[in-house]
Structures are given as C-alpha cells and as structure tokens.
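Participant: Quick one, fold the following:
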Amino acid sequence: MSPPSRLGLCAACHGPTGHASVPGVPNLAGQRLDYLRDALSQYRDGRRNVPLMRAAIGPVSTVELDALARWYSAQSPQPQAHP
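Facilitator: A predicted model of the protein is given here:
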C-alpha cells in the first residue's frame, strides 16, 4: 500500500504512520477504518467543530479522505507500555 497523496496534511501532527509526536494529538495507527472515515467526514463537514482539523481536511475529496482512513487503519498501533 502506497502512502496517500494527502498524507502530509495529517502527518504534520499525527505522524506519517499514525504515531503522533505532538502532545495531545491522538495516534491514528490501527484505528478502525469505519471510525476514521466517519471522523474525517465529521471534521470536514463541521459536525466535529475543531477549526484546525476543519481547515486541514476541508479541501480533501471523498476519495482522498477514504485513502487517508485506509492508510492509517492499516498501520500498526504502538504497543502499550506496561508499568
């Protein structure tokens, strides 16, 4: 699977493989595909009112949105640290 063309929009905060390095930014790697599609759609159309996300995802087409969701859902999540 090749990285989607719009990955740079997301990778700046969420990382290219979905492992965020910015505090407070969620990891996307391994999230369920249907969840990611729905969340991205909600940011794009304003149902989730997060201006930064709306600005980043607003110009993304449905095909590009689907490619981003597929990419991040296919990435391996980070293992959880055990205390």
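
Participant: Could I get the full set of helices for the chain?
Facilitator: Ranges of helices in the chain, per DSSP state H, are 7-14, 33-45, 51-57, 62-74.

Participant: Quick one: closest of those to N27.
Facilitator: With Cβ to Cβ as the measure, helix 7-14 is the member of those nearest N27 (7.3 Å). (Each C-beta comes from the backbone N, C-alpha and C, glycine too.)

Participant: Can you show me the CA trace of the closest one as PDB?
Facilitator: What follows is helix 7-14, C-alpha atoms only, in PDB (Å, rounded to 0.1, in the frame of the first residue of the first chain):
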ATOM      1  CA  LEU A   7      -0.700  12.300   3.800                       C
ATOM      2  CA  GLY A   8       1.400  15.400   4.500                       C
ATOM      3  CA  LEU A   9      -1.700  17.200   5.800                       C
ATOM      4  CA  CYS A  10      -2.200  14.700   8.500                       C
ATOM      5  CA  ALA A  11       1.400  13.600   9.100                       C
ATOM      6  CA  ALA A  12       2.500  17.000  10.300                       C
ATOM      7  CA  CYS A  13       0.700  16.300  13.600                       C
ATOM      8  CA  HIS A  14      -0.300  12.600  13.600                       C
END
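
Participant: got the angle for that helix vs helix 62-74?
Facilitator: Counting by axes from the mean of the first three to the mean of the last three Cα atoms, to 10 degrees, helix 7-14 points 40 degrees away from the direction of helix 62-74.

Participant: How about residues contacting helix 7-14?
Facilitator: Residues from elsewhere that reach helix 7-14 (Cβ atoms under 8 Å, 6 or more residues apart in numbering): 16, 20, 22, 25-28, 56-57, 60, 68, 71-72.

Participant: Go again with 6 Å.
Facilitator: Helix 7-14 is contacted from outside by 20, 22, 25, 28, 56, using Cβ atoms under 6 Å, 6 or more residues apart in numbering.
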